[in-house]
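>>> Just the structure for this:
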Amino acid sequence: MNKPHRFFFIFFVFLSLSSLAAQSPGNVEIRFSYIRQAGSGSNQFAIWVEDAQARVIKTIYATRFTAQGGWERRPEAIPQWVKQSGLAQMNQAQIDAFTGATPPAGSLNYQWDGTDQKGAAVPPGTYQVYVEASLRGENRVVYQALVEIGGGSREIQAQARYFGNSRGERNMIGPVTVRYKP
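Residues are numbered from 1 along each chain as shown. Take a look at the predicted model:
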């Protein structure tokens, strides 16, 4: 094989291997209905993914009020995510990457592309998708679903755990459906 052909062959192999390594491990869709609540102390939620060792892989979304300091004034606002995410140690650019205004009521759809906070593809395995919402005051809900990255397509209904004794706001978020597509 002459030099020009060898160069193109090596270049082609390199590109092929690079594209395989950079392929996404799949897409995870998180869907739920949201009914905006009147008054203060509600309408805060976060969506994040953890690995099997309970380490946060990526925050998909968090409401701006809580993420940008509201958690200090109102510690009952999505406390599990605040603690797990390490929010207190994040800089403004990191926070801005996943925050947004509280959305209008309706059917909400969020996507996780199977990457970590730095944009690297996660390895195949079991991951936990969480949706935590502050319903009002200390009343909140945490939805959890296990998703197998690297397996076949699957749709899962997340399991809900409610905290507090109020039942009035329990319809603020839910049910949560998680769908994985390779």
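>>> Please enumerate the helices of the chain.
Secondary structure of the chain, counting by DSSP state H: helices at 3-22, 64-65, 71-73, 79-85, 92-96.
>>> And the third one, what's buried?
In terms of neighbour count (16 or more other C-beta atoms under 10 Å), helix 71-73 has its buried residues at residue 71. Glycine gets a C-beta too; all of them are placed from N, C-alpha and C.
>>> Surely residue 135 and residue 169 touch.
Yes: using C-beta atoms under 8 Å, residue 135 is in contact with residue 169, at 3.7 Å.
>>> hmm, back to that, could you identify which of the helices of the chain has the lowest mean pLDDT?
Least confidently modelled of those is helix 3-22, at a mean of 41 by mean pLDDT.
>>> Residue ranges in the chain under the pLDDT threshold?
Scanning the chain with the threshold set as pLDDT under 70 gives 1-24.
>>> Mutual contacts of residue 135 and residue 169, please.
Both residue 135 and residue 169 are in contact with 37, 42, where contact means C-beta atoms under 8 Å, 6 or more residues apart in numbering.
>>> got a list of what the nearest residue to residue 174 once chain neighbours are set aside touches?
Nearest residue to residue 174 in three dimensions, chain neighbours excluded: residue 32, at 5.7 Å (C-beta to C-beta, 6 or more residues apart in numbering). Contacts for residue 32 were tallied using C-beta under 8 Å, 6+ apart; they are 107, 108, 131, 143, 173, 174, 175, 176, 177.
>>> Return the members of these classed as buried.
With neighbours counted by 16+ other C-beta under 10 Å, these contain buried members at 108, 131, 143, 173, 174, 176, 177.
>>> Take these and keep only those in strands.
The members of these that map onto strands under DSSP state E are 108, 131, 143, 177.
>>> quick one: which two of the residues you listed are the most distant?
Pairwise distances across these peak at 12.5 Å for 108 and 143 (criterion: C-beta to C-beta).
>>> Redo the buried ones among the contacts of residue 32 as TSV? Include distance to residue 88.
Below are the buried ones among the contacts of residue 32 laid out as TSV (distance: C-beta to C-beta, whole Å):
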residue	distance to residue 88
108	27
131	21
143	24
173	25
174	28
176	26
177	31
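>>> Pick the one among those closest to residue 27.
Nearest to residue 27 among the buried ones among the contacts of residue 32 is residue 177, at 14.0 Å by C-beta to C-beta.
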